[in-house]
Structures are given as C-alpha cells and as structure tokens.
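Dropping the sequence and predicted coords here.
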Amino acid sequence: MDRNPVELGSGFFEDRSGRGKKKVSPDAPTSFCFTDEEDKPNYLNVVDAWEEGITLYGRVIFEVIASRNERLRYLFCRDRSGRAWIASIDIKEAEMTPQGLKRNWVRAGDLCTPAYEYLKQADGYVPFGRGVGKNGQYGDMFENYLSKVPLIREYLASVTARID
C-alpha cells in the first residue's frame with residue numbers, strides 16, 4: 001500500500017492527534033476545496049446502486065458515483081430519514097496489492113464523516129445528551145455537519161432531480 005495517499009485538495013483532513021495539521025475550525029463543512037475540479041462527482045453518472053439494511057441506520061441506499069474525469073468513485077449513502085454521507089472515495093484504476101488492498105488510495109479525511117460518529121470524535125457538532133445507538137455512544141452528524149458539506153448538498157439535490 002502506498003504511504004503517500006492521493007490528496008484531493010485542502011480542508012479534507014484533520015489530524016485529531018494534535019501532532020500534525022491545525023485542527024479544522026467549526027466552519028469546516030464548507031471548507032473543502034478541490035485541487036482539480038474534475039475530481040468532483042458527476043451526479044448523473046451513477047455506476048452502481050443497491051439498498052440494504054444496516055443495524056444502526058435501518059434501510060440505506062448506496063450509490064457509486066463517478067467523478068467528472070472518471071478517475072474516482074464516490075460511495076454515497078442515504079437513509080430513509082433523508083440523511084446522506086460519503087462512505088469512501090476510491091481510485092478507479094488503482095492497482096491491488098497481494099493482500100487485496102488498493103496500492104493507491106484517497107485520503108478523504110473529514111469528507112467521509114459517517115452519519116453517526118462516535119461522540120468523542122464529533123468535535124462539538126452533536127448537542128449534549130443527543131447520543132444514539134445501543135449505549136448512546138454515537139452522535140448524529142447530519143444536522144450540524146454533513147448537511148453543510150457542499151458535496152452532500154449537491155448529492156441530495158441530484159437525488160431529488162433524478163426522482164422528479
């Protein structure tokens with residue numbers, strides 16, 4: 001596996017250890033900037049889609065969407081409550097290692113924040129006492145974080161446009 005991941009731009013990664021890059025400010029959801037605009041998703045190019053039940057989320061629709069330049073594949077997730085998140089971003093033509101891992105990978109950082117995040121990793125985006133899950137250990141990141149990420153907003157608008 002390559003120790004130097006593909007970087008999509010700025011604002012994507014926050015070093016939560018405190019040893020590296022400066023912590024992202026509270027307006028981080030709107031700070032994602034692509035180095036190459038062609039790496040952004042082409043919401044009309046849905047490569048694959050399926051639906052399945054997930055214990056924590058209920059029914060989830062998964063959609064693989066190609067980037068404008070066809071280089072990347074975004075895995076968008078959407079639940080029945082209308083929340084969406086990006087589960088992963090992969091390089092389409094990445095070589096596989098003998099261990100079955102992709103040699104080149106995308107360091108998407110906070111752009112791949114799940115809809116439910118551990119409260120201790122929610123960075124204040126989840127109001128106190130609003131934990132969910134078996135022991136209340138997860139916080140809903142959609143309202144105060146994910147819903148403000150431009151790619152998530154664009155994705156949800158594209159879903160509405162495709163349905164109408």
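Here it is on my side, so go on. All values derive from a computational prediction rather than experimental measurement.

All the strands of this structure, residue numbers only.
With DSSP state E applied, the chain shows strands at 9-10, 33-34, 41-54, 58-67, 72-79, 84-91, 116-118, 131-132, 138-140, listed in chain order.

Of those, flag the one that's most buried.
For the strands of the chain, the stretch with the most neighbours on average is strand 138-140, a mean of 23; neighbours defined as mean count of other Cβ atoms under 10 Å. Glycine gets a C-beta too; all of them are placed from N, C-alpha and C.

Out of the strands of the chain, which is closest to Y125?
In terms of Cβ to Cβ, the element of the strands of the chain nearest to Y125 is strand 138-140, at 7.2 Å.

tally of neighbours for G82?
Counted with other Cβ atoms under 10 Å, residues neighbouring G82 total 11.

ignore the last one, K92
Close neighbours of K92, defined as other Cβ under 10 Å, add up to 12.

Hmm, N69 and it touching each other?
No: using Cβ atoms under 8 Å, K92 is not in contact with N69, being 9.7 Å away.

which one in this protein is furthest away from the centre?
Ranked by distance from the centre of the chain (Cα atoms, centre = their mean), the top residue is P98, with 26.9 Å.

circling back: identify whichever of the strands of the chain lies nearest to V106.
With Cβ to Cβ as the measure, strand 84-91 is the member of the strands of the chain nearest V106 (4.4 Å).
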